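Asks: Quick one, fold the following:
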Amino acid sequence: MKGWGWLALLLGALLGTAWARRSQDLHCGACRALVDELEWEIAQVDPKKTIQMGSFRINPDGSQSVVEVPYARSEAHLTELLEEICDRMKEYGEQIDPSTHRKNYVRVVGRNGESNELDLQGIRIDSDISGTLKFACESIVEEYEDELIEFFSREADNVKDKLCSKRTDLCDHALHISHDEL
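Replies: Alright, predicted model coming up:
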């Protein structure tokens, strides 16, 4: 009987490790898709469009402390985007990387609503995947909303790496490399 206890413990540890890797693949993929969607939405806004920020109170000298800032990266616009961006996860499918056996999430619907021109062979598309990815995205937005607004309020390079790997630790470095090589 003692042998079975060790076998059960070993099996439990292996299953736990596999579940943790799947969970990390999911959260990393959701973070990377979230960054892609936010970057695309920000790029769609007319760079000349501005919004007034600051206090609308009149100062003792009769002036106001109002500043015009670009709308695309304003907190108001980013907050609005974060409320609806996770709905876009239904436009993603799951692909298993043949060399690493890790899950990647790829956009399968074009921005205009039509199917992407990419080869969909080997990509799983179903409501379970999109629902799970949407839930992971919503969890990330809820937990890291301040970081997302901070990162996207100014232009930055390598946002996926900085946000998904370094700041939030949702992606490990090996996974980051495999995504970028796709």
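Asks: List every C-alpha atom in the lengthiest strand in the chain, with coordinates, as PDB.
Replies: In the chain, taking DSSP state E as the definition, the longest strand is strand 50-58. Provided in PDB are the C-alpha atoms of strand 50-58 (Å, rounded to 0.1, in the frame of the first residue of the first chain):
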ATOM      1  CA  THR A  50      -7.800  65.900 -27.900                       C
ATOM      2  CA  ILE A  51      -9.600  65.900 -24.600                       C
ATOM      3  CA  GLN A  52      -9.600  68.500 -21.800                       C
ATOM      4  CA  MET A  53      -8.200  67.200 -18.500                       C
ATOM      5  CA  GLY A  54      -7.700  68.800 -15.200                       C
ATOM      6  CA  SER A  55      -9.900  70.900 -12.900                       C
ATOM      7  CA  PHE A  56     -12.700  72.900 -14.300                       C
ATOM      8  CA  ARG A  57     -12.800  75.100 -11.200                       C
ATOM      9  CA  ILE A  58     -12.000  78.800 -11.600                       C
END
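Asks: which parts of the helix or strand that comes right after that strand are buried?
Replies: Using DSSP states H and E, the helix or strand that follows strand 50-58 towards the C-terminus is strand 64-70. Neighbour-count burial for strand 64-70, with 16 or more other C-beta atoms under 10 Å as criterion, is recorded at 69-70. C-beta: built from backbone N, CA, C; applies to glycine.
Asks: So which elements touch the helix or strand that strand 64-70 is followed by?
Replies: Using DSSP H and E, the helix or strand that follows strand 64-70 in sequence is helix 75-84. Applying 3 or more C-beta pairs under 8 Å, 6 or more residues apart in numbering; DSSP states H and E, we find helix 75-84 packed against helix 2-43, strand 50-58, helix 127-152.
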